[in-house]
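**Student:** Sharing a model that was predicted from the sequence below.
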Amino acid sequence: MINLKDFEVWFVTGSQHLYGEETLLKVAEHSEQIARSFSAHSQIPVRVVFKPTVKSTEEIYNVCQEANTAKNCIGIIAWMHTFSPAKMWIGGLKILQKPLMHLHTQFNRDIPWDSIDMDFMNLNQSAHGDREFGFIMSRMRLNRKVIVGHWEDSAVLGPIGAWCRVAAGWHDWQGARFVRFGDNMRFVAVTDGDKVEAELKFGYSVNTHGVGDLVKVINEMSDAETDKLIAEYEEKYAVVPSLHKGGAHYSSMQAAARIELGIAAFLKDGNYKGFTDTFEDLHGLLQLPGISAQRLMSQGYGFAAEGDWKTAALVRAMKVMGSGLDGGNSFMEDYTYHFDPKNQMVLGSHMLEICESIADGKPKCEIHPLGIGGKADPVRLVFNVAGGPALNASVIDMGNRFRLLVNEVEGVAPEHDLPKLPVARVLWKPYPDMQTGCAAWILAGGAHHTCYSQNLSSDQLADFAEMAGIEYVLIGKDTKLHQLKKELQWSEVYYR
Ligand code: MN
């Protein structure tokens, strides 16, 4: 569903006419070589497209204008091989709508000690040319990523690739559509928010359909398609006997598969990238969507429950960013705690809807009653999740701004079977420790709903917040509560 090679990042090198034809030819040759090697490199998931060197106000304006309207261009990598007087960049940077990474590199890795002369110095002057460019971006108060080092160094290639993934997630949000089946869970605060402001800031729209519109589509799904999907369930999951054909709950299996087909058709037909539902509004739906939400998430759709459109959109963006990487991204909820002083941790889960992409091993397909919602027992996938580094991310609406809050965590491999827990579950230890991590999250107003990620870094989410121009708060290994409180206070002034 998401192929990052569909996207382009443009490699734009700045210079000026001062140096003469010979130097400019070298500049272009070097730039093209760098762009081509980036494009072919396994650490960089998108196509990197070489653009002719820009040397004047007009050329810079034109490339920025083209980038804005180029459908597959998700961002620009800018590099000043020579000195590019930065007043020339004002007009272009003023209109540039795509994210920009400033790559502070130079073509040669080493100084050629024996042969270096003034011709070499004239050609290879990014050490100061890039400072001129940095100044104008700072002067214009523009957000950008700065990456420093030799372009062939994997310590540089890794961050470039990581940034390209973030730019892809950001690009994906622009014009994206999310659908809500039913409204917000009644009286809940954190899942609600300003959808108009979200569309202004984030570029995606959120609109509601009565669940009846969905039920109509579900009811149109054929028995043949339903049987085919059940066969897929049988193949991919360890299905409990009662859900097999002839089993006591086979009709629930059919209903579950039909719900998945219906939601998938609805999303495809409306060109939606994700959805929310709510157990308080299931009129005409036989079960709360369980396995369908789990499977559609694993296909790349954003999802969150109880009408939580901010988290659904975040899950989608993070799925785009993590596309093709090991590990997954899932809707998550901090559910319950283990307060053993020697081994404190969080059990994360939801009523049903944890994405299959984070499952460790073959999920079980089961059916159990659901305490709320008053509907038939929903079919769901039940699985454990492996340990390892991970994070939880949450977008909240602070009234005058959105805040992206991230807590780095360590996933914990399960030590117990939890035989009576009928849902997928994750265990983790928040950084820097349970007390500080949870207190910081609560002080920062983080939601109980998050996107749990096994393959994205907090740096990437910081870049994402910068692209969106929203507040970013990290709770990580170095977090101290008194410092975090001050950060939140200072931020209050910054955004006033
Ligand atoms: Mn919830």
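**Tutor:** Yes, it's here. Numbering: from 1, shown residues only.

**Student:** in the stretch 201-350 of the chain, which spans are helices?
**Tutor:** 211-220, 223-236, 250-269, 291-298, 309-321 (DSSP state H, counting those that start in this stretch).

**Student:** check which helix or strand covers I76.
**Tutor:** Using DSSP states H and E, I76 sits within strand 73-80.

**Student:** Output the below-cut-off pLDDT ranges for the stretch 1-150 of the chain.
**Tutor:** Applying pLDDT under 70 to the stretch 1-150 of the chain flags residues 1.

**Student:** Can you give me the pLDDT of G374?
**Tutor:** For G374, the pLDDT comes out at 77.

**Student:** Now do the SS call for it.
**Tutor:** Three-state call for G374 (DSSP: H, G, I helix; E, B strand; the rest coil): coil.

**Student:** what about it, how many residues close to it?
**Tutor:** 10 (other CB atoms under 10 Å). All C-beta spots, glycine's among them, are computed from the backbone N, C-alpha and C.

**Student:** That one and the ion, how far apart?
**Tutor:** With distances taken as CB to the ion, to the nearest Å, G374 is found 17 Å from the ion.

**Student:** coming back round to it: counting by contacts, list what the strand holding I76 packs against.
**Tutor:** Counting by 3 or more CB pairs under 8 Å, 6 or more residues apart in numbering; DSSP states H and E, the packing neighbours recorded for strand 73-80 are strand 8-14, helix 21-40, helix 57-69, strand 100-104, helix 126-139, helix 154-173.

**Student:** Next, format these as TSV and append mean neighbour count and distance to Y495.
**Tutor:** Formatted as TSV, these follow (neighbours: other CB atoms under 10 Å; distance: least, CB to CB, whole Å):
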stretch	mean neighbour count	distance to Y495
strand 8-14	25	30
helix 21-40	17	35
helix 57-69	17	27
strand 100-104	22	23
helix 126-139	16	19
helix 154-173	22	20
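
**Student:** Tabulate these (a markdown table), appending distance to the ion.
**Tutor:** As requested, the helices and strands packed on strand 73-80 are exported to a markdown table (distance: least, CB to the ion, whole Å):
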| stretch | distance to the ion |
| --- | --- |
| strand 8-14 | 36 |
| helix 21-40 | 41 |
| helix 57-69 | 38 |
| strand 100-104 | 36 |
| helix 126-139 | 41 |
| helix 154-173 | 23 |
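
**Student:** what residues are up against the most centrally placed residue in the chain?
**Tutor:** By CA atoms, centre = their mean, the chain has its centre lying nearest to M318, at 1.9 Å. Going by CB atoms under 8 Å, 6 or more residues apart in numbering, M318 touches 169, 329, 393, 451, 453, 456.

**Student:** circling back to that earlier point, closest to I2 out of the helices and strands packed on strand 73-80?
**Tutor:** helix 154-173 (7.8 Å; CB to CB).

**Student:** pLDDT on the closest one, on average?
**Tutor:** Rounded mean pLDDT across helix 154-173 is 98.

**Student:** contacting residues for the closest residue to A305 other than its chain neighbours?
**Tutor:** Nearest non-adjacent residue to A305, counting by CB to CB, 6 or more residues apart in numbering: E353, 5.6 Å away. Going by CB under 8 Å, 6+ apart, E353 touches 289-290, 293-294, 297, 303, 305, 331.

**Student:** how does it look with 7 Å?
**Tutor:** Listed by CB atoms under 7 Å, 6 or more residues apart in numbering, the contact partners of E353 are 290, 293-294, 303, 305, 331.

**Student:** Now name the helix or strand holding V48.
**Tutor:** For V48, the host element (DSSP H and E) is strand 47-50.

**Student:** From the contact counts, what lies against that strand?
**Tutor:** Judged by 3 or more CB pairs under 7 Å, 6 or more residues apart in numbering; DSSP states H and E, the packing partners of strand 47-50 are strand 8-14, helix 21-40.

**Student:** Work out the sheet partners of that strand and label each with its direction, please.
**Tutor:** strand 8-14 (parallel) (DSSP bridges).

**Student:** from the chain's centre, how far out does the partner strand sit?
**Tutor:** Relative to the centre of its chain, strand 8-14 is centred 23 Å away, using CA atoms, centre = their mean, to the nearest Å.

**Student:** again, but for stretch 250-264
**Tutor:** With CA atoms, centre = their mean, you get 28 Å for stretch 250-264.

**Student:** again, but for stretch 129-144
**Tutor:** 26 Å.

**Student:** Surely F133 is in contact with P85?
**Tutor:** No - at 9.7 Å, F133 does not count as touching P85 under the criterion of CB atoms under 7 Å.

**Student:** quick revisit: got CSV for the contacts of M318, with distance to K375 too?
**Tutor:** Formatted as CSV, the contacts of M318 follow (distance: CB to CB, whole Å):
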residue, distance to K375
G169, 34
N329, 28
A393, 30
C451, 26
S453, 31
L456, 34
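
**Student:** In strands, which of these appear?
**Tutor:** 329, 393, 451, 453 (DSSP state E).

**Student:** Just the closest of these to the ion, please.
**Tutor:** Taking CB to the ion as the measure, the ion sits nearest to C451 out of these, at 12.9 Å.

**Student:** beta partners of the closest one?
**Tutor:** Under the criterion used here (DSSP bridges), C451 is bridged to F331, A393.

**Student:** so it makes contact with R316?
**Tutor:** No - counting by CB under 7 Å, C451 sits too far from R316 to count as a contact (9.1 Å).

**Student:** Dump the strand holding V48 to PDB, keeping only the CA atoms.
**Tutor:** Presented in PDB, the C-alpha positions along strand 47-50 are these (Å, rounded to 0.1, in the frame of the first residue of the first chain):
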ATOM      1  CA  ARG A  47      14.400   8.500  -5.000                       C
ATOM      2  CA  VAL A  48      16.900  11.400  -4.800                       C
ATOM      3  CA  VAL A  49      16.700  13.600  -7.900                       C
ATOM      4  CA  PHE A  50      19.600  15.800  -9.000                       C
END
